[in-house]
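Trainee: need coordinates for the following:
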Amino acid sequence: MGATTAQFQVTGMTCGHCEMSVREEVGGIPGVQGVEVSHETGVLRISAQQPVDEDAVLAAVAEAGYSAVRDR
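Mentor: Below you'll find the model as predicted:
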């Protein structure tokens, strides 16, 4: 079975430190295997073996100090 991916739009990031904060919080969600985040585009992509709870991702981004919405 292949990995699943999800993409979110994050607002409020302005630098590499912002990216690191989001990466650390989202990376701590059980099942998340990969996290790509860009403060320039605001795009957050996660990969996992199983679908990850969207609310957990949004909560992790909020914990880092930012807000996000799922890209549909």
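
Trainee: buried residues, the longest helix along the chain. List them.
Mentor: Across the chain, the longest stretch assigned as helix under DSSP state H is helix 16-27. By neighbour count with 16 or more other Cβ atoms under 10 Å, helix 16-27 contains the buried residues 18, 19, 21, 22, 23, 25, 26. Using the backbone N, CA and C atoms, a C-beta is placed for each residue, glycine as well.

Trainee: stretch 59-72 now?
Mentor: So, applying 16+ other Cβ under 10 Å, buried residues of stretch 59-72: 60, 61, 64, 66, 68.

Trainee: ok, now stretch 39-52?
Mentor: When burial is assessed from 16+ other Cβ under 10 Å, stretch 39-52 yields the following buried residues: 39, 44, 46, 47, 48, 52.

Trainee: could I get the full set of strands for the chain?
Mentor: Assigned by DSSP state E, the strands in the chain fall at 4-11, 32-37, 43-48, 67-70.
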